[in-house]
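Novice: Could you look at this predicted model? Sequence included:
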Amino acid sequence: LGSDLEAAVSYVTVMRERGLSMDTLFIELLEPTARHLGEMWDHDQCDFVDVTLGVARLQKLLAAFNNSHTVPALDSRRAVLMAMTPGDQHYFGVTMVERFLLASGWKVQTETSATSEEIASAAKNRWFAVAGLTAGSTDMMDSLAATIRLIRKQSVNPQIGIMVGGPLFTAEPALAIEVGADETASNAPAAVLIAQKLFDLAVVRRLRNEECGTH
């Protein structure tokens, strides 16, 4: 949140040159920072503009670490499909994530009352880098898992990243893997950074495949 962004960029650059992996950078520094920003906002220690600025900077640091910022055309693909698990009535969480994603430069389509088939159909008809799903109780785990399977099967983006959120996953993050997701986010600012991570991972894989194809 300070004025010297170059100091943060230099720090991350040095870490990369020393061989730090992206997962380590993300898990031990960037994601906890995003989570902390969300907690500061919850406790009125900083405002929405400050948190949005901080998360946007974290996104840039992550993109720079992965070199995905060197491909300008990728910006058009920074789109997220946000949805509530069929049967979920807790709108607040998905609304907050949508708000932070939009403020951080993502294109967002939100489905708050769609069926599993309708959510998957949205992913089939439009290219999304990431799908984010929320669930409010254990009763929705089967429905959530089925929705995720359907999205992966029908998505026009075969490498779509899927993140999940809600109190259940905050208390027990391993549940995310059980329902077939890639990641879970404890709050809205962290969700923005996780979306960037999933996006960057897909970009890096694609670039590597293209390089292999040229040799």
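Specialist: Yep, that arrived.

Novice: Tell me where the model's unsure across the chain.
Specialist: Segments of the chain classed as low confidence (criterion: pLDDT under 70) are 67-76, 204-215.

Novice: can you pull out the strands in it?
Specialist: With DSSP state E applied, the chain shows strands at 79-84, 107-111, 130-134, 161-165, 183-185, listed in chain order.

Novice: of all the ones you listed, which gets the most neighbours per residue?
Specialist: Mean neighbour count, computed with mean count of other CB atoms under 10 Å, is highest for strand 130-134 among the strands of the chain, reaching a mean of 28. C-beta coordinates here come from the backbone N, C-alpha and C atoms, glycine included.

Novice: Just the angle for that strand relative to strand 107-111, thanks.
Specialist: Counting by axes from the mean of the first three to the mean of the last three CA atoms, to 10 degrees, strand 130-134 lies at 40 degrees to strand 107-111.

Novice: Take strand 130-134, keep the C-alpha atoms, and write them as CSV.
Specialist: What follows is strand 130-134 as a C-alpha-only set of coordinates in CSV (Å, rounded to 0.1, in the frame of the first residue of the first chain):
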residue,chain,number,x,y,z
VAL,A,130,-11.8,-19.1,-14.2
ALA,A,131,-15.0,-20.2,-12.6
GLY,A,132,-15.7,-19.3,-9.0
LEU,A,133,-18.4,-21.1,-7.0
THR,A,134,-19.7,-20.6,-3.5
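
Novice: Strand partners (parallel or antiparallel) of that strand?
Specialist: Looking at strand 130-134 with DSSP bridges, its partner strands are strand 79-84 (parallel), strand 161-165 (parallel).

Novice: Which of those sits closest to residue 44?
Specialist: Ranking these by proximity to residue 44 (CB to CB) places strand 161-165 first, at 22.0 Å.

Novice: quick one on the thing from earlier: ok, which of the strands of the chain comes nearest residue 12?
Specialist: Nearest to residue 12 among the strands of the chain is strand 183-185 (20.1 Å), distances taken as CB to CB.

Novice: Residue 117 - how many residues pack around it?
Specialist: 12 (other CB atoms under 10 Å).

Novice: circling back: got TSV for the strands paired with strand 130-134, with distance to residue 37 too?
Specialist: Compiled in TSV, these are given as follows (distance: least, CB to CB, whole Å):
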stretch	distance to residue 37
strand 79-84	19
strand 161-165	16
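
Novice: Would you mind measuring from residue 140 to residue 128?
Specialist: Computed with CB to CB, to the nearest Å, the distance linking residue 140 and residue 128 is 21 Å.

Novice: ok, these two, which is more surrounded?
Specialist: With neighbours defined as other CB under 10 Å, residue 140 and residue 128 compare such that residue 128 has more, 24 against 21.

Novice: is it true that the more buried one touches residue 81?
Specialist: Yes. Counting by CB atoms under 8 Å, residue 128 does reach residue 81; the two are 4.4 Å apart.

Novice: what sits in contact with each of those two?
Specialist: Shared contacts of residue 128 and residue 81, defined by CB atoms under 8 Å, 6 or more residues apart in numbering, are found at 109, 122.

Novice: those helices in this protein, which residues are they?
Specialist: For the chain, helices defined by DSSP state H occupy the ranges 5-17, 22-25, 31-42, 48-66, 91-103, 116-125, 141-154, 167-171, 175-178, 188-214.

Novice: what's the offset of the fifth one from the middle of its chain?
Specialist: Translated: helix 91-103. 12 Å (CA atoms, centre = their mean, to the nearest Å).
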